[in-house]
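K.L.:
need coordinates for the below:
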Amino acid sequence: MKEDIIRMHLAAGRYYGRASTCGKKQAHVTEEDAQKAADNLNRSGKARHAVEPYPCYFCSDLDMGDLKWHIGRQMDILEILLFMDKSSEILEMEDILLSVAEPTLGMQVGERTLRVHNRKVCEGQFCCIHNPSDHHMKSWPMNWRGDRGIMERMCPHGIGHIDPDDSDYRKRRDGEESYDPGVHGCDGCCRSPAVQQGV
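P.N.:
You can find the predicted model right below:
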């Protein structure tokens, strides 16, 4: 049970990010030290919310099992249920660096870290991230369209074309009638070389 609670807190930390869960917070070497600090702050009445100790996803050495602890806002019951249920999924996700368009207006914001599924999830099937099919665009840089939830490949002319593996995945997931087919401003580069040559 104790291990489940630690995993829950680590997953919440990874989900909320470094700035929220680690940032400039004091690191405690032991859980006991962090618990004393939390108890003192709760008794003082200076905290806006009840606080609790938690292991930090970002400054702990998880491979070595060396946890560093912070204190922060106590999780509410909905957060506890969410992160207890999803902790393994969140902790096993991978971070990749690629070009990103922000989710509201689709404006390019440069390279960002994007959290993606673990490679075990797509094992044995085509995946634009872990196992692209042998399409002619697979060596082109990827671009995540946060506004549409689709992956593009950027051709040598700077045009974003829909990644065919991502398109196939979304078609299976959302259904033929509901998925985003990937209409885009196209310069023709996404057509296969055979089609471009009229073969």
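
K.L.:
what sits against the most centrally placed residue in the chain?
P.N.:
For the chain, the residue nearest the mean C-alpha position is R115 (2.1 Å; C-alpha atoms, centre = their mean). By C-beta atoms under 8 Å, 6 or more residues apart in numbering, R115 lies in contact with 93-95. To be clear about C-beta, it is placed using only N, CA and C from the backbone, and glycine gets the same treatment.

K.L.:
how about L105?
P.N.:
D147.

K.L.:
can you check the pLDDT for it?
P.N.:
Predicted confidence (pLDDT) for L105: 90.

K.L.:
and it, that one's in a helix?
P.N.:
No: counting by DSSP: H, G, I helix; E, B strand; the rest coil, L105 falls outside a helix, being coil.

K.L.:
mind giving me the ChimeraX command for buried ones among the contacts of R115?
P.N.:
One line in ChimeraX is enough to select the buried members of those, burial here meaning 16 or more other C-beta atoms under 10 Å:
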select :93
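
K.L.:
pipe the contacts of R115 into CSV and attach distance to V109 per row.
P.N.:
As requested, the contacts of R115 are exported to CSV (distance: C-beta to C-beta, whole Å):
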residue, distance to V109
M93, 21
E94, 20
D95, 16
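
K.L.:
what strand or helix carries the residue nearest to the centre of the chain?
P.N.:
Using DSSP states H and E, R115 maps to strand 108-116.

K.L.:
what about that strand, distance to the chain center?
P.N.:
10 Å (C-alpha atoms, centre = their mean, to the nearest Å).

K.L.:
so which bits of it are buried?
P.N.:
Buried residues in strand 108-116 (16+ other C-beta under 10 Å): 114, 116.

K.L.:
may I have that strand as PDB, with CA atoms only?
P.N.:
Extracted C-alpha coordinates of strand 108-116, given in PDB (Å, rounded to 0.1, in the frame of the first residue of the first chain):
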ATOM      1  CA  GLN A 108       3.900  27.000 -34.000                       C
ATOM      2  CA  VAL A 109       5.800  27.400 -30.700                       C
ATOM      3  CA  GLY A 110       9.100  25.600 -31.600                       C
ATOM      4  CA  GLU A 111      10.500  22.500 -30.000                       C
ATOM      5  CA  ARG A 112       8.900  21.200 -26.900                       C
ATOM      6  CA  THR A 113       8.800  18.000 -24.900                       C
ATOM      7  CA  LEU A 114       5.800  15.900 -25.800                       C
ATOM      8  CA  ARG A 115       4.700  13.100 -23.500                       C
ATOM      9  CA  VAL A 116       3.700  10.000 -25.500                       C
END
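
K.L.:
parallel or antiparallel, list what pairs with it.
P.N.:
strand 94-101 (antiparallel) (DSSP bridges).

K.L.:
tell me which stretches of this protein form strands.
P.N.:
51-55, 69-73, 94-101, 108-116, 142-145, 150-154, 160-162 (DSSP state E).
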